[in-house]
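[1] okay, predicted coordinates and the sequence, questions at the end:
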Amino acid sequence: MMRAVVEQTVVERVEDGDKEKKKKRRPNRRPKQNPSTSASCSSVNEIRCGAAECLSGKITNHSTMSLKQPKFEAHPENEYGLTTTSNVAFKSLPPLHINERPSPEDVQTFQTQNPQPSEPGARIISKSCPESIACEEACEESSGSFTNKDVPSNLIEVCVQKKYFAPHWSLKAVNDALERGEVFKALFRVNAHNRLEAYCKIDGVPTDVLISGISAQNRAVEGDIVAVKIDSVSLWTRMKGSTGICNNSVLVDDFNLLPEDKEMAGDNCKGKGKVDVDQESANVSSCSFPEKDLHSEGSTSLCETFQVESVLPSTYDHVDRRHSVADCSHIGSSSRLNDFNNAVERMCALLSSLPSKRPTGRVLAVIERSPLRNTVVGFLNVKQWIYYRELCRREAKKSKIRLSFTEHEFIHLTPTDPRLPKMMVLVSCLPDCIKRRLENSDVTLEMELVAARIDCWDEVDPVPQACILQTFGQGGKIEPQLNAILFENAICMSEFSPESLNCLPSLPWEVPQEELQSRMDLRNLCIFSIDPSTVTDLDDALSIEELSNGIFRVGVHIADASYFVLPHTELDKEAQIRSTSVYMLQKKLPMLPPFLSENICSLNPGVDRLAFSIFLDINPNGDIAERWIGRTVIQSCCKLSYENAQDIIDGSINIGNLNLLGNSCPQLHGHFEWHDVISSVKNLHEVSKVLKEKRFRNGALRLESSKVVFVFDEYGDVFDIKLSERCESNFLVEEFMLLANTTAAEVISRAFPDSALLRRHPEPNMRKLREFEAFCNKHGLELETSSSGQFHQSLEKIRKKLKDDSIFLDILMNNASKPMQLATYFCSGELKEPGHYALAVPLYTHFTSPLRRYPDILVHRTLAAVIEAEELYLRHQRTSNKADRREELTRKCFTGIYFEKNAAESREGKDALSAAALKHGVPGIELLADVAIYCNERNLASRRVKDACDKLYMWALLKKKEILLSEARVLGLGPRFMSIYIQKLAIERRIYYDEVEGVSVEWLDATSTLVLNLSPNRRYPRRGSPGKWRALEDVALIVSPCDLKPELVASPRSCNRHGTEHVVDINAAAYDSERSPNYGSPETEIDPAVFPITMRILSTIPVALHATGGDDGPLDIGVRLYTSSYFC
């Protein structure tokens, strides 16, 4: 009874406040309203009235059901026969149109486009949450904004509600609709900067489908596989960028991907400092941000859908999933498959005829749940909950009623991933440790990161219900953030199991005698490794011998991890689960136990080690004259760092000055001298230059720009950031690793054409490539993209042309990489069009890093099976006297340059290959395809961890420095915000300047010019905006000229005494990354801008960077204009 009194008191207070607000709004009301707007407002009014009636006891015939404790209703595998989808990278999203401004009518789609019927006789009584979650997530699209901040919805009993969403279709209904061609199967991706926008990629369709609004998204979550119904053509929206976006933006794409969804060009081997030598992705770590705008047009019902005869199931844009076009098991006949193909063709033809239109649609069902549902990280909104709880506690105390947690009481959870919706957590289901802290009103709980899982999202709930799994600690500290990053990406953090460790040999370990007898002994060959100085797991080593006629025999020696990691053992299972080593700048989570990866399997100098070796006889033209592949025993004589190798190439280390270098030279082992190592490095460098020149002549593509390198002090704290580029020693190693990987791919795919694990890199996204071409042409740069080779040659010419403008070159190379798709593993039996676009080779795989990549171990096993099958076949030939015995001693029918197809297809050859494959555990087609999918997922997860750690340490540096001054280039301009590139951190950011107190904005659309000035006059917010002006300090760091150094005050760039227009020089020199980053320090040479500031595309502007979030929300890097004025 007392609870009803308390809640009634709160509601009465809210209603009184609402009456006052209505009185204030009446003079500003417009005489006519859009019908959809009125309907939306009416529904909101029903919510208010219904809640008041329920809480005052006027409604008693409805049972409480919305926030009841739910059962987890995720689609189980045994019910639907579908596996969980991966959170894959997705990069075919629409371009950014910076000068577009969404109108209020664009936002009115929730009830007008898809009205949901309420249950008969039911009243809508859901009140807004303390942060207006219900309003933001479910009613945000209606123009009548209902943001009641006074009602503690987490303390309100909620009665029978109207359904916010349409029921999901059953799997049978979805399959039937797929067969009839009424729906598509697609990957659901959310705009990270506008949750009302989501996009679905349909296999074979070049343009993504826009899913606009929470109602149309129908409870789908980032990464879900969904069934989508396409709207009629009349409802399709205008394509962003269809009106010449290049006039006011440098790049117009990839805006809705977070930095962790993008890959680096020439990824440095997850912390090893080596290039992942296939250049499989050319994307950059920075990302540009979109303007929030919607695309819904009109209020036509979604039931008026665009019908096609049939639709293909969706595959993933970048990761080869099993649920692809080839997976049509639910289709009953070949005619159905033909209908599917016809449907996609018709869809493509329609899109081709309507190039300025983007299809829209709605989600009908979630077919596969995203793994992101199980790895939510966020903050509990504790302070608001405590505030309202204290309010009720005081009321209960007056009435002498004991207040306790109720079954329906909940608290809000805000995820750190902006692509995920806000969530509610039942207080009764919280861990006891959190409950106790809530009871004690511990507000510090709000600063702690928590791990959660989405349990369910019912039709009657505006937001999903989540369950808290654990807490990480304060969000402002590094360690909790690192643990949260690993949890978000489902990275295995546990120690290796005792069962897996039992598979390892004991110390001291020596090469077994039988291995010395069966392997080629190379311990007398000058072999050495070239790695970063801090690396402890040495995968590869090199050797070179000069033969006659200018031919060099290059040896690539790779650690034989497959000897220790045997198939189907516990160690093998654990390595497969981990799939890859994860590097986090100062920490590594290895795929294999350190005893193996850093000791007995690592190619450490001075000790005998087992290896897989490939010898390649290379002539002066870079052609392979002969090769040999086999298992060997080696002993490395030296561990060279990249710096050591570069010094040898440059001549800084030579025979004459070795005594002067002293301890700076690495230690030599065995009977080799320094002249052996120096001459080998120089010969390898000369051969690598020939190979590199030939590779690019044959059509390879290089997309590479400066990389950020963090500098740590002796305490492990980051204190500086540098930009680093690769040197000749890096390219030396890269060329031979590329050649070894290509050779291994050729050998295993010829011997096992259906069960070879290969690597493919698809052609770039053509729409994005055309946009990049248009940008280059606009700035007088010629670009030819008809092939990867032509693309490379064009970029090399641009490099030379822009050699004096490193910042613009970085921007250009970053943007050139964005059309590139990701490279993926695949089973050769499932895909007959492998190819590698960037490398311009037909076959490619990963062979050279078995200590940190599980696919390399599988390739080693397959290669071992080919070698053994060759030996078995040739032994059979010798015993049957079918060939000359002397010829058989040197014959290589499966591993040589010339493959003997007849031998492989003979009965003896098939038997030998089958027996060897069984012995070495070569997987079959289906198993290998599954392994490839899983390895793709884990590879992406490890890259996301790397990107997130880079952002974390960048944030930590800015938090330590408080302010970092830098120069930035303007990438895009518009009336509301600008997008900028900051070379010092190699990131892109936005500065919003609309509706800022004291700032006037003049946007000249004809010339794409922006003028910002100080304005003393207060302006009224535009219709449809939040109505709250931001402070000038949020947009600009303004300093007084009196506080600047005299030389800065006198500078014409920093001060304009005559009040004339201040134009920033577009061709200003690049910012010197070695300048001191400390704000206000004597070394700072960043001049502040003065108002009025005029900017155009590629203008150079001064900015101030700072850390945001941490303890009070998701961490981020904030940016403001750095300006000077006497009037502030």
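    Thanks, I have it. Numbers count the residues shown, from 1 in each chain.
[2] which parts of the stretch 351-500 of the chain are strands?
    For the stretch 351-500 of the chain, the strands defined by DSSP state E, counting those that start in this stretch cover 357-358, 361-368, 376-380, 410-415, 423-426, 448-456, 465-474.
[3] need those strands in TSV with distance to Val1103 and mean pLDDT, can you?
    Using the backbone N, CA and C atoms, a C-beta is placed for each residue, glycine as well. Below are the strands of the stretch 351-500 of the chain laid out as TSV (distance: least, CB to CB, whole Å; pLDDT from 0 to 100):
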stretch	distance to Val1103	mean pLDDT
strand 357-358	33	90
strand 361-368	40	96
strand 376-380	28	95
strand 410-415	28	92
strand 423-426	35	94
strand 448-456	29	95
strand 465-474	29	94
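[4] adding distance to Ala904, write these out as a markdown table.
    Formatted as a markdown table, the strands of the stretch 351-500 of the chain follow (distance: least, CB to CB, whole Å):
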| stretch | distance to Ala904 |
| --- | --- |
| strand 357-358 | 50 |
| strand 361-368 | 39 |
| strand 376-380 | 51 |
| strand 410-415 | 54 |
| strand 423-426 | 57 |
| strand 448-456 | 50 |
| strand 465-474 | 52 |
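[5] tabulate those strands (CSV), appending mean neighbour count.
    Output for the strands of the stretch 351-500 of the chain, formatted as CSV (neighbours: other CB atoms under 10 Å):
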stretch, mean neighbour count
strand 357-358, 18
strand 361-368, 25
strand 376-380, 24
strand 410-415, 23
strand 423-426, 24
strand 448-456, 21
strand 465-474, 19
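[6] which one, of those, ends up nearest to Glu900?
    With CB to CB as the criterion, Glu900 lies closest to strand 361-368 of the strands of the stretch 351-500 of the chain, at 44.7 Å.
[7] number of nearby residues for Glu782?
    11 (other CB atoms under 10 Å).
[8] pretty sure it contacts Lys801?
    No - using CB atoms under 8 Å, Glu782 is not in contact with Lys801; the gap is 9.4 Å.
[9] mean confidence for the lengthiest helix in the chain?
    As assigned by DSSP state H, the longest helix anywhere in the chain is helix 925-961. Helix 925-961 carries an average pLDDT of 94.
[10] quick one: whichever helix or strand comes after that helix to helix 925-961, angle?
    Scanning forward in sequence from helix 925-961 by DSSP states H and E, the next helix or strand is strand 964-973. Interaxial angle, strand 964-973 versus helix 925-961 (axes from the mean of the first three to the mean of the last three CA atoms, to 10 degrees): 130 degrees.
[11] tell me which other helices or strands strand 964-973 touches.
    The elements that strand 964-973 packs onto, with contact taken as 3 or more CB pairs under 8 Å, 6 or more residues apart in numbering; DSSP states H and E, are helix 806-817, strand 977-982, strand 1100-1108.
[12] chain center to the longest helix of the chain: distance?
    A distance of 7 Å separates the centroid of the chain from that of helix 925-961, by CA atoms, centre = their mean, to the nearest Å.
[13] for it, buried residues please.
    The neighbour-count check on helix 925-961 (16 or more other CB atoms under 10 Å) flags 928-929, 931-959, 961 as buried.
[14] next: stretch 344-351.
    Across stretch 344-351, burial judged by 16+ other CB under 10 Å covers Val344, Met347, Leu350, Leu351.
[15] where in the stretch 751-900 of the chain is pLDDT low?
    881-890 (pLDDT under 70).
[16] please disregard the earlier target; I meant the stretch 601-750 of the chain.
    Scanning the stretch 601-750 of the chain for pLDDT under 70 picks out 659-663.
[17] at 90 instead, please
    When residues are selected by pLDDT under 90, those of the stretch 601-750 of the chain lie in 651-667, 670, 703-709, 713-717, 719-726.
[18] how about the helices in it?
    Assigned by DSSP state H, counting those that start in this stretch, the stretch 601-750 of the chain shows helices spanning 642-650, 658-661, 674-697, 728-751.
[19] His168 is nearest to which of the strands of the stretch 351-500 of the chain?
    Using CB to CB, the nearest of these to His168 is strand 361-368, at 4.4 Å.
[20] listing partners with orientation, what would you give for the closest one?
    Using DSSP bridges, the strands paired with strand 361-368 are strand 225-230 (antiparallel).
[21] count the neighbours of the spatially closest residue to His669 that is not a sequence neighbour for me.
    Closest residue in space to His669, ignoring its immediate chain neighbours: Gly606 at 3.5 Å, by CB to CB, 6 or more residues apart in numbering. When neighbours are defined as other CB under 10 Å, Gly606 has 13 of them.
[22] same thing with Glu784?
    Per other CB under 10 Å, the neighbour tally for Glu784 reads 14.
[23] isn't Pro415 up against Thr375?
    No - taking CB under 8 Å as the definition, Pro415 is not a contact partner of Thr375, at 10.3 Å.
[24] contacts only, for the nearest residue to Trp509 once chain neighbours are set aside.
    Excluding its sequence neighbours, the residue lying closest to Trp509 (CB to CB, 6+ apart) is Ile600, at 4.8 Å. By CB atoms under 8 Å, 6 or more residues apart in numbering, the contact set of Ile600 is Leu504, Pro505, Leu507, Trp509, Phe564, Arg609.
[25] got any ranges where the stretch 351-500 of the chain has weak pLDDT?
    Residue ranges of the stretch 351-500 of the chain with pLDDT under 90: 351-357, 382-410, 427-429, 435-436, 438-442.
[26] helices along that one, start to end?
    Assigned helices in the stretch 351-500 of the chain, in chain order: 382-398, 432-439, 478-488, 498-501 (criterion: DSSP H, counting those that start in this stretch).
[27] highest average neighbour count across the ones you listed?
    helix 478-488 (a mean of 20; mean count of other CB atoms under 10 Å).
[28] now that helix and strand 448-456, what's the angle there?
    Taking the same axes, to 10 degrees, one finds helix 478-488 and strand 448-456 inclined to each other by 20 degrees.
[29] who are the packing partners of helix 478-488?
    strand 376-380, strand 448-456, strand 465-474, helix 925-961.
[30] any idea how far the nearest residue to Phe736 once chain neighbours are set aside lies from Pro834?
    Residue nearest to Phe736 in three dimensions, not counting chain neighbours: Val556, with 5.4 Å by CB to CB, 6+ apart. Distance, Val556 to Pro834, using CB to CB, to the nearest Å: 22 Å.
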